[in-house]
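# Got a sequence here, can you model it:
(one chain, ligands or ions: 1)
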Amino acid sequence: MRYKDQIDLLKLPHHIAIIMDGNGRWAKDKGKLRIFGHHKGVLSVRDVVEGACELDLKYLTLYTFSSENWNRPKLEVMAIMELMVTTIHKEIANFMKKNVRLNAIGDLHMLPKKCYNELNNAIETTAANTGLTLTLALSYSSRREIVQAAKNIASKVKSGELDINDIDEELFENNLYTGGMPDPELLIRTSGEHRISNYLLWQIAYAELYFTAKLWPDFRKEDLYEAILDYQKRERRFGMTSEQVN
Ligand code: FPP
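Model prediction:
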């Protein structure tokens, strides 16, 4: 039986986050330039988004470009930005057809103007869609996001808009870029690395972690389904005992 047919649709995670890793190694293994791997990685993105839509998943968040990625060779950074512009432009029609709402988190003002504008245009065009919310983490650093949330709250306390006793987990969460979104229940990382790499540190407090050796350009919707099945076999205890949760 295919993985998809084994999934319990009543126990789907609401939100899946993915660290798409291994594009560079995939290309190198084939004797190609790293950017070739990023181009192939876009095909994986398309397939995985399609797979998420088929399951009627509500939130998918992709680590597309970290704040640290700005330190890569200039040519690679420029090529990724260019790839983003063309991909987002091309995908808008598909998002509309599949009822996908595009969203982005991160320090978006760092993006080249062309990329920022293309992204904003796609976000506005798809804003009323009610299916999958596809969030691209771009120029994203979780630590920066947390610092930014702390600053927002501090300035509200300073101005008297908030009292210090109003600060709780819910208020803090609502000041993160992901405010209003449920936390990911499942975090997938490809390429055999077992790291979180400054991704959604607050939000993954209770997420199940799934690591696969597959490099991102080889990852397809069946791999997503396999990860969901693995997640569904786990017992999520949230600090309680097995007897309590059963
Ligand atoms: C990680 O592989 C991948 C990236 C930093 C870029 C990911 C970008 C894409 C797949 C393009 C997506 C575009 C859209 C619009 C969603 P790596 O380069 O770190 O691989 P390595 O670890 O093997 O070097």
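# Might you enumerate the residues of the protein proximal to the ligand?
For the chain, the contact set with the ligand under Cβ under 6 Å from any ligand atom comprises 20-25, 38, 41-42, 45, 62, 64-65, 69, 80, 83-84, 87-88, 136, 191. In short, each C-beta sits where N, CA and C put it, glycine included.
# of these, buried ones?
Neighbour counting by 16 or more other Cβ atoms under 10 Å classes 20-25, 38, 41-42, 45, 62, 64-65, 80, 83-84, 87-88, 136, 191 among these as buried.
# Show me the shaky parts of the chain.
Counting by pLDDT under 70, the chain shows no low-confidence range.
# any chance you could map the helices in it?
The residue ranges that make up the helices of the chain, judged by DSSP state H, are 3-6, 23-29, 34-55, 74-98, 113-125, 142-159, 169-174, 221-232, 242-245.
# Next, the angle from the longest one to helix 113-125.
Comparing the axes of helix 74-98 and helix 113-125 via axes from the mean of the first three to the mean of the last three Cα atoms, to 10 degrees yields an angle of 10 degrees.
# helices and strands around helix 74-98, which ones?
Judged by 3 or more Cβ pairs under 8 Å, 6 or more residues apart in numbering; DSSP states H and E, helix 74-98 is in contact with helix 34-55, strand 59-66, strand 101-105, helix 113-125.
# now it: how far from the chain's centre is it?
Relative to the chain's own centre, helix 74-98 is displaced by 16 Å; criterion: Cα atoms, centre = their mean, to the nearest Å.
# And stretch 32-49, by the same measure?
Centre to centre, stretch against its chain (Cα atoms, centre = their mean), the figure for stretch 32-49 is 16 Å.
# Only alpha carbons, please: show stretch 44-56 as CSV.
What follows is the C-alpha trace of stretch 44-56 in CSV, where atoms were taken according to Å, rounded to 0.1, in the frame of the first residue of the first chain:
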residue,chain,number,x,y,z
SER,A,44,10.8,19.2,-4.9
VAL,A,45,9.1,22.3,-3.5
ARG,A,46,6.5,22.1,-6.2
ASP,A,47,5.9,18.3,-5.6
VAL,A,48,5.7,18.7,-1.8
VAL,A,49,3.3,21.6,-2.0
GLU,A,50,1.1,19.5,-4.3
GLY,A,51,1.3,16.6,-1.9
ALA,A,52,0.4,18.9,1.0
CYS,A,53,-2.6,20.2,-0.9
GLU,A,54,-3.8,16.7,-1.7
LEU,A,55,-3.9,16.0,2.0
ASP,A,56,-5.6,19.3,2.7
